[in-house]
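A.B. asks: 3D model of this:
(one chain, ligands or ions: 2)
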Amino acid sequence: MLAVAVSSGAFRAQRHLGRLDKGRMNLGRSWLSSCAQLFWPAHCAGCDVLLQSDDAIFCVACAQSINPVGLACSACAMPQLGHGGVPDRCPGCARRDYAFSRAFAGFEYGAAIGAAIVRMKHGGRPDLARRLGRILQDAISRALATTNGPPIDVVLPVPLHPRKLRRRGFNQALELARVALGLLRDRSPRSMPLPRLDRQLLLRTRNTRELGRSGPGARRVEVEGAFGVSDARHVAGRLFLVVDDVMTTGATLNECAQTLVRAGAAEVRVVALARAV
Ligand SMILES: [Zn+2]
Ligand SMILES: [Zn+2]
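C.D. replies: Ligands and ions are numbered 1, 2, ... in the order given. Here you go, the predicted structure:
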């Protein structure tokens, strides 16, 4: 399905998506997947066109706008050229402080990823969250691996306010994290335990507006004090990875990290499926 690489972006994305799927399927799964494809054929996550294979997530046309984030600023995850080949801070982050220690992103927020995320969140499509979770594995894996100290203890999705959760029916960040971690667990040796996913420790205590095109200042104000923890005893001294679907200015993820740090977290890293560029 994705054999025709039209642009370098499409080619990189196809290589990336192919690599993620390698080794994932054993024989039983591939049989199940063939049956599922027969009865419930997969559609492109970006534009809904019919796909030939359940393993593909985007069609050829949509894959052209999929750009994995390679070398990026370690503070804001914005794609950039490294200094001497070492990922470092971008000029904008050189003198900025974040509550999280590092940020990671899977893909640049382009047309197809954007369309898939909007359809997932606002089109009532939890199935898309489960499929997009497959392509979040690589970024989560990088976020977990980057350390000289103790490993991450707990993965937390950015929570939705209970009112929004009732309306949407699912938390996209939780679904993305759940699928990605589950697949990583399948691929990892038993000797390499992965952090557990906690869906209740981080809470959204205040409902916030959809931030849409708001600027960095407005975003910061809107999310300030919007989060809390259910039990600070489970936060103190621990290392966390907070997962979201999109990182725009980093205000939401930073506020989550700030909440955890204030409650005694030893370190917080953050990861998003897509980074607005
Ligand atoms: Zn498409
Ligand atoms: Zn930066």
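
A.B. asks: got the contact list for the residue in the stretch 151-277 of the chain positioned nearest to ligand 2?
C.D. replies: Nearest residue of the stretch 151-277 of the chain to ligand 2, counting by CB to the ion: Gly250, 8.6 Å away. (Glycine included, C-beta is placed from N, CA and C.) By CB atoms under 8 Å, 6 or more residues apart in numbering, the contact list for Gly250 reads Cys76, Ala77, Tyr98, Ala103, Val270.

A.B. asks: try it again at 6 Å.
C.D. replies: With contact taken as CB atoms under 6 Å, 6 or more residues apart in numbering, Gly250 is in contact with Cys76.

A.B. asks: tell me if stretch 60-77 is near ligand 2.
C.D. replies: Yes. Under the criterion of CB under 5 Å from the ion, ligand 2 is reached by stretch 60-77 at Cys73, Ala75, Cys76.

A.B. asks: same thing with stretch 214-230?
C.D. replies: No. Under the criterion of CB under 5 Å from the ion, ligand 2 is not reached by stretch 214-230; the shortest gap measures 12.3 Å.

A.B. asks: let the chain start at 26 from now.
C.D. replies: All right, first residue 26 from here; so that's stretch 239-255.

A.B. asks: quote the end-to-end distance of that stretch.
C.D. replies: Taking CA to CA, to the nearest Å, the first and last residues of stretch 239-255 lie 29 Å apart.

A.B. asks: now the helix or strand harbouring Arg191, how far from the centre of its chain.
C.D. replies: Per DSSP states H and E: Arg191 is located in helix 187-193. Here helix 187-193 is found 20 Å from its chain centre; the criterion is CA atoms, centre = their mean, to the nearest Å.

A.B. asks: and the average pLDDT for that helix is what?
C.D. replies: Mean pLDDT, computed over helix 187-193, is 94.

A.B. asks: distance of the residue nearest to Val260 when sequence neighbours are not counted from Leu96?
C.D. replies: Using CB to CB, 6 or more residues apart in numbering and skipping residues adjacent in sequence, the residue nearest Val260 is Ala288, 4.1 Å away. Distance, Ala288 to Leu96, by CB to CB, to the nearest Å: 33 Å.
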